[in-house]
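Undergrad: Give me the fold of what follows.
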Amino acid sequence: MAITKLNASVDLLNDVDTTTAAPADKELLAWDASAGQWEPLENNYATESYVNSAIEDYSPPAVVSSVNGKIGDVVLDAADVGASTFSGAYNDLTGKPTIPTNNNQLTNGAGYTTYSGADAVKTSGAQNVGGVKRFTSELRCNANIIAYYSDIRLKDVQGPIENPVEKVKAIETFYYTHGDRARELGYEGSKIQVGVSAQSVQAVAPELIHRAPIDDDGAGGSVTGESYITVDYAGLVPLLIESIKTLSAEIEELKKG
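TA: Purely as a prediction, here's the structure:
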């Protein structure tokens, strides 16, 4: 009897005969081919010469030298491993995530919205953009800003500016810096600026008053509930012009006297 390498056809539990002679502690087992089971070695087998001869009889399994008839440095293709090809189409993927259909939710690597609609702001070139656009910082232009219209043909004149000098005299002017409440609303810096009191302008020319953008909710209401206001500074120019004209006329009358 020779030692045979254990393989898948030999059941380690069911094929060990422990009824004929139970194996002792650390006793060797031998495979009995005729009985189809492992049995404890008889004393005449448990010799060094037997074990050595059994080891010499053992032959390891052959090393695989080819795959599908390919010998040497084997390069497997799809047919060898049963691989399938991928078309590259997104819908061929399994477990794919849901991509939002709203383009405003998509961003590129820089984090900017990849929206390309008609009112998306371009970085160059001419463009017509509708709707109110709000900027939380300064708007600086290298060229002039041309706005609105002044053509008399487009205007329905309602009357002259009366008492322009008195109106201008009623407007409070001063140097100022941001107050505590302005800082709470997000204004920064300590630069000294020159300006007017919107309330004093409102008293003589209410048509030049608008809600301050920092307090405008976009629907005509106040964000803070305090209804902060601002002045259309360009609208003050006609008042100044008319004041100069009035004062000039008075000077001419004085010269005549």
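Undergrad: Residues touching the strand or helix carrying Glu252, excluding its own?
TA: Under the criterion of DSSP states H and E, Glu252 resides in helix 236-256. Contacts with helix 236-256, where a contact means C-beta atoms under 8 Å, 6 or more residues apart in numbering, come from 160-161, 164-165, 167-168, 171, 196, 201, 205, 208. The way it works is simple: take the backbone N, C-alpha and C, and place the C-beta from them, glycine included.
Undergrad: In CSV, list the residues you listed along with neighbour count.
TA: Shown next, in CSV, are the contacts of helix 236-256 (neighbours: other C-beta atoms under 10 Å):
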residue, neighbour count
Pro160, 7
Ile161, 14
Pro164, 21
Val165, 15
Lys167, 20
Val168, 19
Ile171, 19
Val196, 16
Val201, 25
Ala205, 21
Leu208, 20
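Undergrad: Quick check: the farthest pair among the residues you listed?
TA: Among those, the pair separated by the greatest distance (C-beta to C-beta) is Pro160 and Val196, at 22.6 Å.
Undergrad: Check which element follows the helix or strand where Arg183 lies along the chain.
TA: Using DSSP H and E, Arg183 maps to helix 180-184. The C-terminal neighbour of helix 180-184 among helices and strands, as given by DSSP H and E, is strand 193-196.
Undergrad: Extract the C-alpha set from the helix or strand just after that following strand and format it as PDB.
TA: For strand 193-196, the following helix or strand on the C-terminal side (DSSP H and E) is helix 198-204. Extracted in PDB, the C-alpha atoms of helix 198-204 (Å, rounded to 0.1, in the frame of the first residue of the first chain):
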ATOM      1  CA  ALA A 198     -32.500 109.900   1.000                       C
ATOM      2  CA  GLN A 199     -35.200 111.100   3.400                       C
ATOM      3  CA  SER A 200     -34.400 114.800   2.500                       C
ATOM      4  CA  VAL A 201     -34.600 114.000  -1.200                       C
ATOM      5  CA  GLN A 202     -37.900 112.100  -0.700                       C
ATOM      6  CA  ALA A 203     -39.400 115.200   0.900                       C
ATOM      7  CA  VAL A 204     -38.900 117.300  -2.200                       C
END
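Undergrad: Now do helix 198-204: everything it contacts.
TA: Contacts for helix 198-204 (C-beta under 8 Å, 6+ apart): 166-167, 170-172, 208-209, 229-231, 236.
Undergrad: Repeat the analysis, applying 7 Å as the threshold.
TA: Where contact means C-beta atoms under 7 Å, 6 or more residues apart in numbering, the residues beyond helix 198-204 that reach it are 167, 170-172, 208-209, 229-231.
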